[in-house]
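Visitor: the following comprises the amino acid sequence and a computationally predicted model.
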Amino acid sequence: MKKLTQALLATGLISAAFTVQAQESPISANVALTSDYIYRGVSQTSGGSAIQGGFDYASESGFYVGTWASSITFDDSIEIDYYGGFSGSLTDEVGYDIGFLYYDYPGMSSDDFLEFYGVLSYGGLSGSINYSDDFYAGVGKAWFYTLDYGFDLGNDFSLGLHYGLQTYDQDVWGTEDSYSEYNISLGKSYAGLDFGLMFTDTDLSDANCGGSSDCDSTVVFSVAKSF
């Protein structure tokens, strides 16, 4: 589950930096409420709240599969993701995770897309690369690069630093083929719940964000439960 959580953080599936606790069973579930669903720096709920949840299977061999869903404010108001991969260790300190993500928007199949990703981690530092041959809404080829660092602050507090660079093979929103996003997050586990507080921003103006404020800086609060 630790490697899976790193992959989800790296790909933007987890909207705030809460810690998913390791499960003794190979099958686990999670549910979360968040004040905003942020995907790669961009609100998927027009600044509104979202309910999210998923199921995972992770074997001792490192193989895992799962599904995750979130409410959104476009494409019939739901996103369902399917993913699978394999994680392991190259050395005592270096870990890896490779896999795929399929983004499904029921009722709007033309917006569905597939990504492949790879993650390398060293202690609290991790970097990832995601690639899609046909990104969302027919954008075409796209790459997403991330660098993350997580700190254990003690007393079940954690701090996360994240930077991401999204690139395309054609202009999107007038961004000259790319944009940067970053966030700073604080996590706390308490009474069986995982709380997250995150500040997030991009270098996109409203004009380069489809004329909306979905790419502006914002603070996101979330609470999650793992089973």
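Guide: Received it, and whenever you're ready, just let me know what you need.
Visitor: partner residues bridging residue 149?
Guide: When assigned by DSSP bridges, residue 149 has beta-bridge partners residue 125, residue 161.
Visitor: look at residue 73 and give its secondary structure.
Guide: coil (DSSP: H, G, I helix; E, B strand; the rest coil).
Visitor: now the phi/psi pair for residue 60, please.
Guide: With angles defined as degrees, to the nearest 10, residue 60 sits at phi -60, psi -20.
Visitor: please tell me how far it sits from residue 54.
Guide: Distance, residue 60 to residue 54, by Cβ to Cβ, to the nearest Å: 21 Å. C-beta: built from backbone N, CA, C; applies to glycine.
Visitor: out of the two, which sits in the busier spot?
Guide: Neighbours were counted for residue 60 and for residue 54 using other Cβ atoms under 10 Å; residue 54 has more, 21 against 6.
Visitor: give the contact list for the more buried one.
Guide: If a contact means Cβ atoms under 8 Å, 6 or more residues apart in numbering, then residue 54 has 29-30, 66-69, 81 as its contacts.
Visitor: could you redo the last one with a cut-off of 6 Å?
Guide: Listed by Cβ atoms under 6 Å, 6 or more residues apart in numbering, the contact set of residue 54 reads 30, 66-68.
Visitor: need the contact list for residue 177.
Guide: Residue 177 neighbours (Cβ under 6 Å, 6+ apart): 167-168.
Visitor: for residue 150, that is, sorry about that
Guide: 124, 160 are the contacts of residue 150 under Cβ under 6 Å, 6+ apart.
Visitor: 8 Å instead, please
Guide: Applying Cβ under 8 Å, 6+ apart, the residues contacting residue 150 are 17, 124, 126, 158-161.
Visitor: for PyMOL, what selects the buried ones among those residues?
Guide: In PyMOL, this line selects whichever of those come out buried by 16 or more other Cβ atoms under 10 Å:
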select buried, resi 17+126+158+160+161
